[in-house]
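Student: Would you be able to build a 3D model of this:
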Amino acid sequence: MPESTLLLVLIAAVVAFASGALYYVVLGGRLAATRAPSAAPAAASPVRTPLWTFAVETGRCLVLAGVVTGLAAQARIDTWIGGLVLGLVLWIGFPAVLWIGAIVHENTPWRVAAIHAGDWLVKLLVLGAIVGVRG
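Tutor: Below is the predicted model:
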């Protein structure tokens, strides 16, 4: 992998991680409410995330950034608009389809699926735009 491509993947992974973190900071309360609607809200107790989950999420973002970068290169996408289209197509073809299946077959609440699908949409659009202007 050329050095410039590796740098692009690293930058895209950091942005994907940051966008996901910001997304769940904004919508985390709604997600928690959809998972336990009858539970009383905790009295200002912070959620403690185990340290190992950050390593897992970092790895997921690196893989996702690498895949989107590779697909954009193979498709010769060289504009941010082309990258957005790639991100949208990937979102429709994978996360959206998977979350619809989870709703239908696993009885996942649609609000939970919508929140997670939104995270994937944001990540894939941002990654597509970033890697679309790579060259």
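Student: for I81, what are its contacts?
Tutor: G132 (CB atoms under 8 Å, 6 or more residues apart in numbering). For glycine as for every other residue, the C-beta is placed from the backbone atoms N, C-alpha and C.
Student: Point out where this protein drops to low pLDDT.
Tutor: Along the chain, segments meeting pLDDT under 70 span 1, 36-47, 135.
Student: let's see it at 90
Tutor: Along the chain, segments meeting pLDDT under 90 span 1-4, 27-50, 134-135.
Student: now the helices for it?
Tutor: With DSSP state H, the ranges of helices along the chain come out as 3-35, 51-74, 80-91, 97-106, 110-132.
Student: which of those is buried the deepest?
Tutor: helix 110-132 (a mean of 20; mean count of other CB atoms under 10 Å).
Student: quick check: angle from that one to helix 51-74?
Tutor: Here helix 110-132 runs at an angle of 50 degrees relative to helix 51-74 (axes from the mean of the first three to the mean of the last three CA atoms, to 10 degrees).
Student: Helix 110-132 to helix 3-35, inter-axis angle?
Tutor: 170 degrees.
Student: packing partners for helix 110-132?
Tutor: With contacts defined as 3 or more CB pairs under 8 Å, 6 or more residues apart in numbering; DSSP states H and E, helix 110-132 has these neighbours: helix 3-35, helix 51-74, helix 80-91, helix 97-106.
Student: So which of the ones you listed is nearest A129?
Tutor: helix 80-91 (4.4 Å; CB to CB).
Student: can you give me the offset of that closest one from its chain's centre?
Tutor: For helix 80-91, the distance from its own C-alpha centre to the chain's C-alpha centre is 13 Å (CA atoms, centre = their mean, to the nearest Å).
Student: With only the CA atoms kept, save that helix in CSV.
Tutor: Extracted as CSV, the C-alpha positions of helix 80-91 are listed here (Å, rounded to 0.1, in the frame of the first residue of the first chain):
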residue,chain,number,x,y,z
TRP,A,80,-16.2,14.1,-3.2
ILE,A,81,-19.6,13.7,-5.0
GLY,A,82,-18.5,10.3,-6.4
GLY,A,83,-17.4,9.4,-2.9
LEU,A,84,-20.8,10.4,-1.4
VAL,A,85,-22.5,8.2,-4.0
LEU,A,86,-20.2,5.3,-3.2
GLY,A,87,-21.0,5.8,0.6
LEU,A,88,-24.7,5.9,-0.1
VAL,A,89,-24.6,2.8,-2.3
LEU,A,90,-22.6,0.9,0.3
TRP,A,91,-25.0,2.0,3.0
